[in-house]
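**Student:** sequence first, then the predicted structure:
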Amino acid sequence: MPENTPAPAPASANASAAPAPASAPVSVLGLGMMGTALATAFLNAGHPVTVWNRSPARTGPLVAQGALPAATPADAVAASPLVVLCLLTNDNVDELLTALGDSVAGKTLVNLTNGTPEQARTLSARAEKLGARYVDGGIMAVPQMIAGPDAYVFYSGDEEAYATHRPALAALGGTKWTGTDPGLAALYDLGLLTGMYGMLIGVVQALALARTEKVNAEEYSELLVPWITAMLGIVPDLARAVDSGQHLTDVSSLAVNQSAFPNFLATYKAQGVSPELFEPFQVLLDRSIAEGHAADGLSRLAGMLTR
Ligand code: NAP
């Protein structure tokens, strides 16, 4: 498991890497909603911060708070050993790396742009060829949460570079190291977001169903929230079953779920709610029975979804 912060450097981090001083300079490239929040957090933590954005107007509020504007991305990179990238997509980061070329040599690039594990691995290899050290990150926060107690970032890639710059990165919130494969931070990030989207898809369907009988959505949410919260209690049991491969359950078998699920789909259709979000689940439940897993619990489905 990755470590939590605030805490000392992870036991797994390279002990030979001397941490950079708390006042080490940081450059932030990309000043959208998230990049601006990141740069503000570095400023508030006392770091000299150099900023660059494709549309220069966005540097204004940060410069007013003490940031130094860079005229070009190369100027921003030259200003600090730690260069934080937060653009819209990794294709944008790739383009920027092409423009920067070997001006990134000797720098640590921490890329906090949302992307795939494969993109992170490709960018890491590119950065390494250009002489830079690459750390990928997945931000588990919205901009307003940055530097607050609930914000944290997953990191992966060059472990020594991470250990060196972790004191500065801690200005953004908690730091969770996931491993030297640069793709791991994105994997952890997308996995947690998958759990979130799964929950929100269910909420949207439930609110649509309630709406068909003019049930007030806000009042209904007062039932939904404690119900979902109580159900989250089974997550550790599911996870233990996935780890152990012991899927037999005395809670709710796949057979019971499979025989009840047509009631959900029939009700959606009868009430005029599209079943499109939930039909795939019936297909999976049907397959679980066809493959002989009737007595197992829902944990069995994780293995069935894996190639
Ligand atoms: P945003 O407000 O839309 O800002 C996008 C940034 O990317 C802007 O600085 C934009 O520059 C820059 N950009 C876009 N295309 C570019 C290009 N071709 N070359 C150079 N710069 C380019 O988005 P955001 O909310 O800051 O999100 C930034 C990243 O953080 C995304 O990957 C997002 O998924 C991730 N993230 C966001 C949140 C969130 O809640 N906002 C949470 C977690 C992760 P211009 O100003 O010139 O357009």
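**Tutor:** Structure's in. What do you need? Residues are numbered from 1 along each chain as shown.
**Student:** okay, CA-based contacts and neighbour counts for the rest of this
**Tutor:** Fine.
**Student:** so residue 208 versus residue 284, what's the distance?
**Tutor:** Residue 208 sits 23 Å away from residue 284, taking CA to CA, to the nearest Å as the criterion.
**Student:** neighbour count: these two, which is higher?
**Tutor:** Between residue 208 and residue 284, counted using other CA atoms under 10 Å, residue 208 has the larger neighbour count: 19 against 15.
**Student:** what's the helix or strand for the more buried one?
**Tutor:** helix 184-211 (DSSP states H and E).
**Student:** tell me how many other residues surround residue 119.
**Tutor:** 19.
**Student:** which residue is the nearest non-sequential neighbour of it?
**Tutor:** Once flanking residues are discounted, residue 119 sits nearest to residue 90: 6.9 Å by CA to CA, 6 or more residues apart in numbering.
**Student:** do you know the pLDDT at that neighbour?
**Tutor:** pLDDT recorded at residue 90 is 98.
**Student:** was I right to think it contacts residue 118?
**Tutor:** No: contact criterion CA atoms under 8 Å: residue 90 and residue 118 do not qualify, at 10.5 Å.
**Student:** which of the two has more neighbours?
**Tutor:** Applying other CA under 10 Å to residue 90 and residue 118 shows that residue 90 carries more neighbours, namely 20 against 14.
**Student:** which residues of the chain score low on pLDDT?
**Tutor:** 1-17, 22 (pLDDT under 70).
**Student:** the same query, at a cut-off of 80, please.
**Tutor:** The chain contains residues with pLDDT under 80 at 1-22, 307.
**Student:** what about the longest strand seen in it, distance to the chain center?
**Tutor:** Scanning the chain for the strand with the most residues, using DSSP state E, yields strand 133-140. Centroid separation between strand 133-140 and its chain, computed with CA atoms, centre = their mean, to the nearest Å, is 10 Å.
**Student:** so what strands line up beside it?
**Tutor:** Sheet pairing of strand 133-140 (DSSP bridges) gives strand 108-111 (parallel), strand 152-157 (antiparallel).
**Student:** quick check, the shortest one touching the ligand?
**Tutor:** No: using CA under 6 Å from any ligand atom, strand 108-111 never reaches the ligand; the gap is at least 9.4 Å.
**Student:** what strand or helix carries the residue with the largest distance to the centre of the chain?
**Tutor:** No residue in the chain sits farther from the centre than residue 270, which is 37.5 Å out by CA atoms, centre = their mean. Element membership for residue 270, per DSSP H and E: helix 254-271.
**Student:** let me see the contact set for the residue most central in space within the chain.
**Tutor:** Central residue of the chain (CA atoms, centre = their mean): residue 189, 2.6 Å from the mean position. Counting by CA atoms under 8 Å, 6 or more residues apart in numbering, residue 189 makes contact with 138, 139, 140, 154.
**Student:** can you sort out which of the residues you listed also neighbour the ligand?
**Tutor:** Contacts with the ligand within the contacts of residue 189, counted by CA under 6 Å from any ligand atom: residue 139.
**Student:** what's the farthest-apart pair in the contacts of residue 189?
**Tutor:** Of all pairs drawn from these, the greatest distance, 7.6 Å, lies between 140 and 154 (CA to CA).
**Student:** so between these two, which is more surrounded?
**Tutor:** It is residue 154, of residue 140 and residue 154, that has more neighbours when counted by other CA under 10 Å, with 25 against 20.
**Student:** that one and the ligand, how far apart?
**Tutor:** 11 Å (CA to the nearest ligand atom, to the nearest Å).
**Student:** likewise for residue 88?
**Tutor:** 4 Å.
**Student:** other residues contacting stretch 114-130?
**Tutor:** The contact list for stretch 114-130 (CA under 8 Å, 6+ apart) reads 88-90, 94, 97, 101-102, 104-105, 109, 133-136, 138-139, 157, 181-187.
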